[in-house]
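Trainee: Turn this into a structure:
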Amino acid sequence: AVRITALLPTVIAYRYHSIMGTQWPGEVDEYDHVAYYLHVLFGRPATAAHIRVMNAYMILAMEHGLNASTFAARVVASTESDIYSAVSAAIGAMKGPLHGGAPSGVIKLLERVGSKPQAEPVIRNMLEQGERLMG
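Mentor: Below you'll find the model as predicted:
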């Protein structure tokens, strides 16, 4: 599990560069997990502020409780399947727009609201229309 956790930033960043057609920045050894991920993803050292924010986000995601991806992984692991299958199940659940994709929904909601005075009327209208509120 620790090895998979250590490898995932490299896999994600490599795939990102492959899709974008950008140059793989190469691996670096002197960074912690988050700083390394940000470096290989963006191709430059991350700022201290970006590292703090990403660390906070990762902690919040990990401390979220029994969410969909954790549940999926636990179900698969409870069948005595291997760790790779459990992680694959978790990634599959995380991929969904109502779980891992939810932050994108929050950004869309914030763009829709636009400004603080608009927040209440927009939210009320969404609730009256039976729309989902992300985040």
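Trainee: okay, how far is it across stretch 14-26, tip to tip?
Mentor: Start-to-end span of stretch 14-26 (CA to CA, to the nearest Å) is 10 Å.
Trainee: ok, the spatially most central residue of the chain - contacts?
Mentor: Centroid-nearest residue in the chain, with CA atoms, centre = their mean: residue 100, separated by 5.6 Å. Residues in contact with residue 100 (CB atoms under 8 Å, 6 or more residues apart in numbering) are 69, 93, 94. C-beta: built from backbone N, CA, C; applies to glycine.
Trainee: and it, what element?
Mentor: Using DSSP states H and E, residue 100 falls within no helix or strand.
Trainee: Just the pLDDT for it.
Mentor: On the pLDDT scale, residue 100 is placed at 75.
Trainee: what's the answer for the one 3 residues further on, then?
Mentor: Note for residue 103: predicted pLDDT of 77.
Trainee: Can you find the helix or strand of the chain with the lowest average pLDDT?
Mentor: Counting by mean pLDDT, DSSP states H and E, the chain has its least confident helix or strand at helix 102-113, which shows a mean of 86.
Trainee: Using PDB, list the CA coordinates for stretch 43-53.
Mentor: C-alpha atoms of stretch 43-53 as PDB (Å, rounded to 0.1, in the frame of the first residue of the first chain):
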ATOM      1  CA  GLY A  43       7.700  20.700 -14.200                       C
ATOM      2  CA  ARG A  44       9.100  23.200 -11.600                       C
ATOM      3  CA  PRO A  45       9.500  23.400  -7.800                       C
ATOM      4  CA  ALA A  46       6.300  24.200  -6.000                       C
ATOM      5  CA  THR A  47       6.000  27.200  -3.800                       C
ATOM      6  CA  ALA A  48       5.700  26.800   0.000                       C
ATOM      7  CA  ALA A  49       2.100  28.100  -0.300                       C
ATOM      8  CA  HIS A  50       1.100  25.500  -2.900                       C
ATOM      9  CA  ILE A  51       2.700  22.700  -0.900                       C
ATOM     10  CA  ARG A  52       0.800  23.800   2.300                       C
ATOM     11  CA  VAL A  53      -2.500  24.000   0.300                       C
END
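Trainee: List the buried residues in that stretch.
Mentor: Using 16 or more other CB atoms under 10 Å as the test for burial, stretch 43-53 gives 46, 51.
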